[in-house]
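**Student:** Attaching a predicted model along with its sequence, questions to come.
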Amino acid sequence: MTTTLIVLAHPAHTSFNAAWAHATEAACLSEGGEVLWSDLYQLGFDPAERAEHYAADIVSDPYDVLKTQEAASTAGNLPAIVGHEIEKLRRADRIVFHFPVWWFAPPAILKGWCERVLTNGGLHDTSNRFDTGHFRGKPALFCVTTGSRASESAHNGKEGDIQMLLWPMAYTLRYLGFSVLVPRIVHGVHGYHKGAAKEDLETRLQNELDHHRDTIARFETLPKIAFNADSDFDRDGTLHPDAPSYTPFIRHEP
Ligand SMILES: Cc1cc2nc3c(=O)[nH]c(=O)nc-3n(C[C@H](O)[C@H](O)[C@H](O)COP(=O)(O)O)c2cc1C
């Protein structure tokens, strides 16, 4: 039985993002799978990492975020909500993230979830990252909406290349060892359409929900984002001249 963790970062339960996340749940259940939820707003997840989340004797003096996360992980004394999130990440066979693009990035609550849950010492350390990440091989899929149109989110679009906007989030998961699938993106999602444009959007969104089961059914064969292997870098962390470049974030030319 496949266990799927759905991470939803949207405050409105009437939103398309929420409907899409529920379509993921329905598709997984219809396959006989188990579904775990991290509905971050419903959880009241506090995205701001700070010393007050930890027992006083765990917090390093002076307060150092990485050292405190490491000490809490070692002592088995992480904040309860962080511990629960880590347990779900470990239990799940695959993770599906649902979120809108807000200011050219995932919403702050999801960024904060990464900062607090993907703990130093617990889920990564210098021996367990990238190729040797704890979650190596575990697939993660981003289901994303943008307000901008597909043309505006393309490589030459005015809103910037959506694949690049999502790359830091994808690389965060890659750091942990996850296999990150090519994101599924629905563009032009907002409540300001009128008349035919509104009808067209409603049809497109319903179509996406109706066909989402097929996407989940093909999960194992969905394309993955290519990342450099550890062996593509020298001891200084510089890309070898003959290694491939998969992204403008890591490239050969200055
Ligand atoms: C704070 C905020 C910032 C936004 N920034 C962007 C953006 O940078 N690019 C974009 O295409 N859409 C942006 N949008 C539009 C959202 O992506 C859009 O409202 C969302 O994808 C619609 O999905 P929903 O109906 O599930 O909320 C922004 C919306 C909000 C509320």
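**Tutor:** In hand now; what should we look at? Numbers count the residues shown, from 1 in each chain.

**Student:** So in the chain, which helix runs the longest?
**Tutor:** helix 195-217 (DSSP state H).

**Student:** right, is it up against the ligand?
**Tutor:** No. Helix 195-217 lies out of reach of the ligand by C-beta under 6 Å from any ligand atom, never closer than 8.5 Å. Any C-beta I mention is one placed from the backbone N, CA and C, and that applies to glycine too.

**Student:** Which residues of the stretch 1-150 of the chain lie near the ligand?
**Tutor:** Counting by C-beta under 6 Å from any ligand atom, the residues of the stretch 1-150 of the chain that sit close to the ligand are 10, 15-17, 100-104, 145-148.

**Student:** In strands, which of those fall?
**Tutor:** 100, 145 (DSSP state E).

**Student:** Measure how buried the one residue in the stretch 1-150 of the chain that gets nearest to the ligand is and give me the count.
**Tutor:** The ligand sits closest to residue 147 of the stretch 1-150 of the chain, with a gap of 2.8 Å, by C-beta to the nearest ligand atom. Burial of residue 147 is recorded as 16 neighbouring residues (other C-beta atoms under 10 Å).

**Student:** interface residues of the stretch 151-254 of the chain facing the ligand?
**Tutor:** Close to the ligand, as judged by C-beta under 6 Å from any ligand atom, the stretch 151-254 of the chain has residues 159, 189, 190.

**Student:** before we move on, the earlier item: quick one: contacts of the longest helix of the chain?
**Tutor:** Residues from elsewhere that reach helix 195-217 (C-beta atoms under 8 Å, 6 or more residues apart in numbering): 16, 19-20, 23-24, 26-28, 30-31, 184, 186, 188-189, 193, 222.
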